[in-house]
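A.B. asks: Below is the structure, and that's it, no one-letter string:
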């Protein structure tokens, strides 16, 4: 199942709209995502991320509630597995 997952933008790179990327934290896991679809986003904002793209801005309370629901449904296991694989690749 594909879901959008909420995260907090902790840094941004690229000045032009379609090249903007950001590091987004998902409860301790950090991923680089495209910010091309959300030009209004700034560091510290919360976004919904789907397949590597931030697709909308959400407020902090909503983001934390959605993340809690996803944890309860055990829908975040794939995120943890992918992060573990990336960490192993970086160590070899």
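C.D. replies: Cool, the structure landed. Keep in mind it's a predicted model, so treat the numbers as computed, not measured. Residues are numbered from 1 along each chain as shown.
A.B. asks: Contact partners for residue 39?
C.D. replies: By C-beta atoms under 8 Å, 6 or more residues apart in numbering, the contact set of residue 39 is 17, 20. Yep, even glycine has a C-beta here, placed from its N, CA and C like the rest.
A.B. asks: ok, now how distant is it from residue 54?
C.D. replies: 10 Å (C-beta to C-beta, to the nearest Å).
A.B. asks: Then residue 13?
C.D. replies: Residue 13 is 13 Å from residue 54, by C-beta to C-beta.
A.B. asks: what about these two, which has more around it?
C.D. replies: For residue 13 and residue 54, the more surrounded residue by other C-beta atoms under 10 Å is residue 54, and the numbers stand at 25 against 11.
A.B. asks: Please identify the helix or strand for that one.
C.D. replies: Using DSSP states H and E, the element containing residue 54 is strand 53-58.
A.B. asks: Determine the set of other helices and strands touching that strand.
C.D. replies: strand 29-34, strand 46-50 (3 or more C-beta pairs under 8 Å, 6 or more residues apart in numbering; DSSP states H and E).
A.B. asks: Give me the buried positions along it.
C.D. replies: 54, 57, 58 (16 or more other C-beta atoms under 10 Å).
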